[in-house]
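*Asks:* this one's structure only:
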């Protein structure tokens, strides 16, 4: 941490800051320039975020130079972490597709979805049994019944399951049926929930918050990582901006940026990222090209009659077409990875 | 709900939409214009948000004309709701101040805060015992010990208590010590938590989400309201925008807007709204003038040594000065309310 | 400017940065800590914003500690600047009201507006003769004809004129009729226009850009200030955010913040700040209480038939009511300024 | 335009709205439902954006169903427009690369850039001679001298030129040297400038505004299109959001969305889109995969000594590597376009 004293800071003011830092068991480097003193605070400043050096008299600015997350950082763990979902590897250089409906509506519907998803090449089945809905009057999910259906459908087609868990009380139930526990965008900073899922040992699919910063997202992952058991899969799903032509603004730059900052894999969600079904295939392609480790997309045998998110769901035909395109781009990315330089 | 068919829509396409609406037990008004058909869907369309009419062939646009919230709306309840916090009224035309530290740090600290708060005219003591922190390494609160301290300090000074509850598991504990349960910004759409606090019967202080829209905020309140027991106090605390000169962008227009749309009272939080202590007094004044029913502010006997949020906390002197100003403006607002027109 | 080298930076890398800084005629303070070197660059770093120290090998972070604006800063000019608009003072502790229609529609309309504006206490008449419109098919303003009308109406009622100038080619024409030249939100960073109006010697009403940061706004003012002739009046008019319930998000915190950072006066525009007529009076009140030096509001004798911005315009009755409230708050603010502490 | 009257609207209120619409030469369809009247306004409502139907008594909502732009829309011109830049085609299914420095710094520098750009496959040379800079103290460009240099360098390497024009006064000068006139992000709504460049007949590279919506961008293009001479090339360059980890948030969804709404080609600018050089190659790849017609990127022979934007500029090696990757993805996209379905 660097503390920049202003040009008019008195010796007393400088001493007060130094004393405070030393009380906190930090070593202080004093750099006396011709017109300004700069203090370098050495030591474990991770927990210093709460000290309001900024309001000390004579302080001009305070600059943090150490991140507040650690286990999640690539600095701490230089190699890519490969998440093994009961045999399906995420982050090993392949491109994994998770597909399925927004909501599980019944056994037949989720079985149909699994059949389509599998046919296109998806290996993981998605589907919500607990749905976070803006309005209390909207459909809230089939709950445990839905979990049973998705497990059965996935098993029938040799797929893995990802589904959302919305509160601590249901973690055990969801974990009994699902291979990956998904934390939804609205819960990215539900810190109690993060700690709790981190104790399960299941891989956690951590969606970026509706207006989550890159730094907050990494810190949210740290809540899971400090529990020491569950690997994390980041899911970029678009952020809230002023633009209303799309449901969210799909921030694909997050893919290479997160791969630079963290060792955990990242996948993209072009369905929520755009909110419009015919923008999903081009954004799925762009996701592959950005270097993502996979994607999660919404499909439905009959989007017009979907109970939720019909507008952004692909039907069998549009999904199959998209997967053909994705396959071509995955091959192109393999060529790129083999370029010798 | 209005469905606008495009100019080239075929009769079959129009029939398909009508049939779907009728399946949903809605009455359909067909309006055949010279170049375009417009359908009016009559009936309870509250749960229709999930029907993706937008992707039906021939549909140009879909316009919802009914809100998805009801009990929270002023339409449903034209008179102001006055929340009675064990004798302290919020929403009755007075201006209520809640003051206290960000974190409860110990019995002495919270007692000192209560003394200052009371002296300036605050009637409700704030202070966090469970703290939602971006990083898992930051101070997380004194938990039950903190709750005991704030209750004791409030009782000593004849004040009421508001404090945050972060998860379902701690609701009973927090409710045992606190007069108002606060839902923090990160939990505005933690729907399970909303439903659970709605069952307590305690008044709920519902902070606006970090990037919560007015509509989402009203719908979040509806999750509480449908439980039928707890009145709501909205807390505007600033929203996330591109501007970094302040911690948040304090959206004071939300005050008159929420009062127009809902019957529940609304208070403002200029501390989080700005994040900078010397912007707090002018924004507190602006809050009074905007028509808010009260405010919640952070104070600390020694902000430089506060364990959290020191940069936005007022000390005794700056708080007392602010309260003098606020009192003058509260009087001015009383004059305004008595204008005959 | 502070350059923080990372822990693994080599001596060569450090030398390279130092050499570059010295080439730029800066003095370099080298601070060698136990695990990291920090360089302080002393000298005029104002024009250093273009040097990409961040991409030098071994550099961890670069921190600018000097603003890029100067003449606009309060540091440079500690006392408030009072702008004298041909006798009407802005920034002298009074609260100035500018009122009038969005567009000048004809002589009668602007005369009616002037009569109403004056009656409520406004001393400056606003009205657009050149209108920046999103669509080329929308009404673009009466141009010089409009300018003649507003000048005539203002003169008749003993008022001053503020009106927008949209391009360099019309500066002389607008300056011939108007007392204040307004730069619209879309032109806040039209740097050629800023330089050109800065040469006129007329006071410049500089609106904050649609998504202008505080820092960009101050730098935009600096483009005017460096010309050395025209004083500036900042106009906060709301910023673009994700919220759509209001036309813009009215950022009233900008008022005390700009007064801290700059010596030029700042007024507020609650009409554009909210976009909804019945939110204008409460936000005008909040503007007074925030410490603004005045406000600019849209009024129209018949908002329903206004050629533009009818939805946010006050009619005579609502304007007169608002001004009554504003007067009460202006008195209250005078009391606050006289508090002895 | 659809006007939804509220359930309590009186006949008089409804008549008032109808009368107003008829005054505007519109045909009104009245749709009387069981609890609500809906009015359909038929005719040319393009210029109706200024009528404040929303404030008429009894009106609940107003819905515009016609865009305010026309010539720019795909509806008006279903086939792709191919822009021919003196032989280089943009929008014909190929992927065009424009490369060069942020600022033209001298003849040698721009010649070096041209050599590198050409070697990697770029056919158009970019470089700024007039620079829009936040601060008046930053380097503002070499102006006409720079224009001469870039023209000479481009000619030497058989390339075309794109460069920015910042004000009407310099259009003729810039047009004398450049093949494409670029309108910068800060000028997207400088309507006078748009109209003026639209008269030149040169292709216009129209950058999306810093916080420009899709709709505003299309309307800005319409200002150019109505002049009837210049074709447009849209340039997505990222938008302003709360996220600060990247310079802007690169909105790649805009690519397929703009191609759906407009017939003009769209290219991407990953340099400004991200602001960080090592995020440029993955985002260039994603741009290809999203379906863009080309890209514009910043390169510099020596980014560390670049006069501006060094942090986001590629050097020869990183540029050549990126172009290898881009070529592979362009081939993959050709395969995708040839899929038979």
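*Replies:* It's in. Small disclaimer: the values here were computed from a predicted structure and weren't measured.
*Asks:* can you count the residues close to whichever residue of chain A sits closest to chain C?
*Replies:* In chain A, the residue that lies nearest chain C is residue A:31 (3.8 Å; C-beta to the nearest C-beta). Every residue, glycine included, has its C-beta placed from N, CA and C. For residue A:31, the neighbour count with other C-beta atoms under 10 Å in any protein chain shown is 21.
*Asks:* If you count contacts, what does the strand or helix carrying it end up packed against?
*Replies:* In the assignment (DSSP states H and E), residue A:31 maps to strand A:27-32. Where contact means 3 or more C-beta pairs under 8 Å, 6 or more residues apart in numbering or on different chains; DSSP states H and E, strand A:27-32 is packed against helix A:11-23, strand A:37-42, strand C:27-32, strand C:37-42.
*Asks:* Format these as CSV; extra columns: mean pLDDT.
*Replies:* Output for the helices and strands packed on strand A:27-32, formatted as CSV (pLDDT from 0 to 100):
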stretch, mean pLDDT
helix A:11-23, 90
strand A:37-42, 81
strand C:27-32, 80
strand C:37-42, 81
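*Asks:* would residue A:174 count as being in a helix?
*Replies:* Yes. Assigned with DSSP: H, G, I helix; E, B strand; the rest coil, residue A:174 falls within a helix.
*Asks:* ok, back up a step: hmm, the residue of chain A closest to chain C is touching residue C:40, no?
*Replies:* Yes. Between residue A:31 and residue C:40 there is a contact at 6.3 Å, judged by C-beta atoms under 8 Å.
*Asks:* residues shared between the contacts of the two?
*Replies:* A:38, C:29, C:31 (C-beta atoms under 8 Å, 6 or more residues apart in numbering or on different chains).
*Asks:* In contact with residue A:226, which residues?
*Replies:* Contact partners of residue A:226, counting by C-beta under 8 Å, 6+ apart, are A:71, A:195, A:198, B:136.
*Asks:* for the stretch 51-200 of chain A, what spans make up the strands?
*Replies:* Using DSSP state E, counting those that start in this stretch, the strands of the stretch 51-200 of chain A run over A:59-63, A:83-85, A:88-90, A:96-100, A:124-126, A:160-164, A:180-183.
*Asks:* among those, which is nearest chain D?
*Replies:* strand A:59-63 (14.3 Å).
*Asks:* any residue of that closest one up close to chain B?
*Replies:* No. Strand A:59-63 stays out of contact with chain B when judged by C-beta under 8 Å from any C-beta of the partner chain, the minimum separation being 9.5 Å.
*Asks:* hmm, that strand touching chain C?
*Replies:* Yes. For strand A:59-63 and chain C, the contact criterion (C-beta under 8 Å from any C-beta) is met by A:60, A:61, A:63.
*Asks:* The last one - how many residues pack around it?
*Replies:* So that's residue A:63. 16.
*Asks:* do residue A:238 as well
*Replies:* Using other C-beta under 10 Å, residue A:238 has 28 neighbouring residues.
*Asks:* which residue packs closest to it, ignoring adjacent ones?
*Replies:* Distances taken as C-beta to C-beta, 6 or more residues apart in numbering or on different chains place residue A:248 nearest to residue A:238, at 2.8 Å, with adjacent residues excluded.
*Asks:* contacting residues for the one you found?
*Replies:* A:210, A:237, A:238, A:239, A:240, A:241, A:272, A:273, A:274, A:275.
*Asks:* Highest mean neighbour count out of the strands of the stretch 51-200 of chain A?
*Replies:* strand A:124-126 (a mean of 29; mean count of other C-beta atoms under 10 Å in any protein chain shown).
*Asks:* what mean pLDDT does it have?
*Replies:* The average pLDDT within strand A:124-126 is 98.
*Asks:* Strand partners (parallel or antiparallel) of it?
*Replies:* Using DSSP bridges, the strands paired with strand A:124-126 are strand A:96-100 (parallel), strand A:160-164 (parallel).
*Asks:* Helix, strand or coil: sort out the most centrally placed residue in chain A for me.
*Replies:* Nearest residue to the geometric centre of chain A (C-alpha atoms, centre = their mean): residue A:234, 3.0 Å. Three-state call for residue A:234 (three-state DSSP): strand.
*Asks:* From residue A:221, how far off is it?
*Replies:* As judged by C-beta to C-beta, to the nearest Å, residue A:234 and residue A:221 stand 7 Å apart.
*Asks:* Name the residues contacting each of these two.
*Replies:* Residues touching both residue A:234 and residue A:221 (C-beta under 8 Å, 6+ apart): A:206, A:262, A:264.
*Asks:* and of those, the nearest to residue D:155?
*Replies:* Of all these, residue A:262 has the smallest distance to residue D:155: 47.1 Å, by C-beta to C-beta.
*Asks:* related to what we said a few turns ago, want to throw the strands paired with strand A:124-126 into a markdown table with mean pLDDT?
*Replies:* Putting those into a markdown table (pLDDT from 0 to 100) gives the following:
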| stretch | mean pLDDT |
| --- | --- |
| strand A:96-100 | 98 |
| strand A:160-164 | 98 |
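*Asks:* Let me have those strands in a markdown table, extended by distance to residue D:328.
*Replies:* Listed next are these as a markdown table, based on distance: least, C-beta to C-beta, whole Å:
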| stretch | distance to residue D:328 |
| --- | --- |
| strand A:96-100 | 21 |
| strand A:160-164 | 31 |
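*Asks:* Quick one: residues contacting residue A:221.
*Replies:* So residue A:221 contacts A:69, A:72, A:206, A:232, A:234, A:262, A:264 (C-beta under 8 Å, 6+ apart).
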